[in-house]
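K.L.:
Coordinates for the following, if possible.
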Amino acid sequence: MKKKCYIYTRVSTAAQTEGYSLEAQQERLRQYAEYKGLEIAGEYCDAGKSGKSIAGRPAFMEMMEDIASEKDQVSYVLVFKLSRFGRNAADVLKSIQTLLDYGVDLVCVEDSIDSSTQGGRLTLAILSAVAEIERENIRVQFMAGRMQKMLEGGWAGGPAPFGYGMRAAD
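P.N.:
Next comes the predicted model:
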């Protein structure tokens, strides 16, 4: 009897870098499941959702509820990279603990991390902290870019108000 798995994919924006698109993630995870002889019991996808918190990701929440209810009796959750699972260290570690409580292991395919191993659990703890720092760095860079735009006299948020930046006729 084949072990079952769920596939979880996420992108935070419509324009993702090459190789991180939803389709690329899904294809890679399906190939991995086939290679490992796993039956895919469900696929969950949060398109355009930040990894900052699990609260704003309905598909993630549904997947966790399905695991808690032991709906499909899965053994694994497959994700492309740990950053797709989440970028908040506390959320990631709490979610992994929930998985482990139900006998489900997290496999981050591109990171070669498997929570069923002691080394995998240690690596997950370290990388979840790194993912949170990376998220914070992205936020700081974004805010610095907005500030620079304002210092240069530009409008830093949303559509420019009517007449903003227009020059008076000579």
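K.L.:
where exactly do the strands run in the protein?
P.N.:
In the chain, the strands defined using DSSP state E lie at 4-11, 39-47, 76-79, 105-108, 113-114.
K.L.:
got the angle for the first one vs strand 39-47?
P.N.:
So that's strand 4-11. Put simply, strand 4-11 runs at 20 degrees to strand 39-47, going by axes from the mean of the first three to the mean of the last three Cα atoms, to 10 degrees.
K.L.:
Quick check: neighbours of strand 4-11 in the sheet, parallel or antiparallel?
P.N.:
strand 39-47 (parallel), strand 76-79 (parallel) (DSSP bridges).
K.L.:
so which of these comes closest to residue 134?
P.N.:
Of all the strands paired with strand 4-11, strand 76-79 sits nearest to residue 134, with 15.9 Å by Cβ to Cβ. All C-beta spots, glycine's among them, are computed from the backbone N, C-alpha and C.
K.L.:
contacts for that closest one?
P.N.:
3-9, 29, 32-33, 38, 63, 67, 85, 99, 104-109 (Cβ atoms under 8 Å, 6 or more residues apart in numbering).
K.L.:
State which helix of this structure is the longest.
P.N.:
helix 118-151 (DSSP state H).
K.L.:
Check which helices and strands that one sits against.
P.N.:
Contact here means 3 or more Cβ pairs under 8 Å, 6 or more residues apart in numbering; DSSP states H and E; on that basis helix 118-151 packs against helix 82-85, helix 89-101, strand 113-114.
K.L.:
Identify, out of these, the most deeply packed stretch.
P.N.:
Most buried of the helices and strands packed on helix 118-151, by mean neighbour count (mean count of other Cβ atoms under 10 Å): helix 82-85, with a mean of 24.
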